[in-house]
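**Q** below: sequence and its predicted model.
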Amino acid sequence: MKTRLSTAPVLMLPNHSIVFPIVCDASDFAIGCSLVQFD
């Protein structure tokens with residue numbers, strides 16, 4: 001877990017032939033959103 005949290009994520013352009021969901025979360029202090037796509 002420590003290694004996964006301390007290394008940079010692999011960023012790439014989305015493949016438009018595969019579904020890519022938008023994941024959102026919010027709290028009383030912040031809001032965030034991610035575009036994710038699984039291999």
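**A** Happy to help now that I have it. The structure displayed is predicted, hence computed values, not measured ones. Residues are numbered from 1 along each chain as shown.
**Q** gap between Thr7 and Gln37?
**A** Distance of Thr7 to Gln37, computed by Cβ to Cβ, to the nearest Å: 19 Å. Using the backbone N, CA and C atoms, a C-beta is placed for each residue, glycine as well.
**Q** ugh, wrong one, Asp25
**A** Asp25 is 18 Å from Gln37, where distance means Cβ to Cβ.
**Q** out of these two, which sits in the more crowded spot?
**A** Neighbour count, other Cβ atoms under 10 Å: between Asp25 and Gln37, Gln37 has more, with 13 against 9.
**Q** what's the helix or strand for that one?
**A** Following DSSP states H and E, there is no helix or strand that holds Gln37.
**Q** and the pLDDT at it?
**A** Model confidence at Gln37, expressed as pLDDT, equals 85.
**Q** got the end-to-end distance for stretch 23-30?
**A** End-to-end span of stretch 23-30 (Cα to Cα, to the nearest Å): 14 Å.
**Q** before we move on, what about stretch 21-38?
**A** End-to-end for stretch 21-38, by Cα to Cα: 9 Å.
**Q** just stretch 17-33 next, same as before
**A** Stretch 17-33: ends 21 Å apart by Cα to Cα.
**Q** repeat for stretch 3-20
**A** Here the two ends of stretch 3-20 are set 26 Å apart, with distance taken as Cα to Cα.
**Q** which residues sit against it?
**A** Leu35, Val36, Gln37 (Cβ atoms under 8 Å, 6 or more residues apart in numbering).
**Q** TSV please, covering those residues and showing distance to Pro14.
**A** Shown next, in TSV, are the contacts of stretch 3-20 (distance: Cβ to Cβ, whole Å):
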residue	distance to Pro14
Leu35	7
Val36	9
Gln37	5
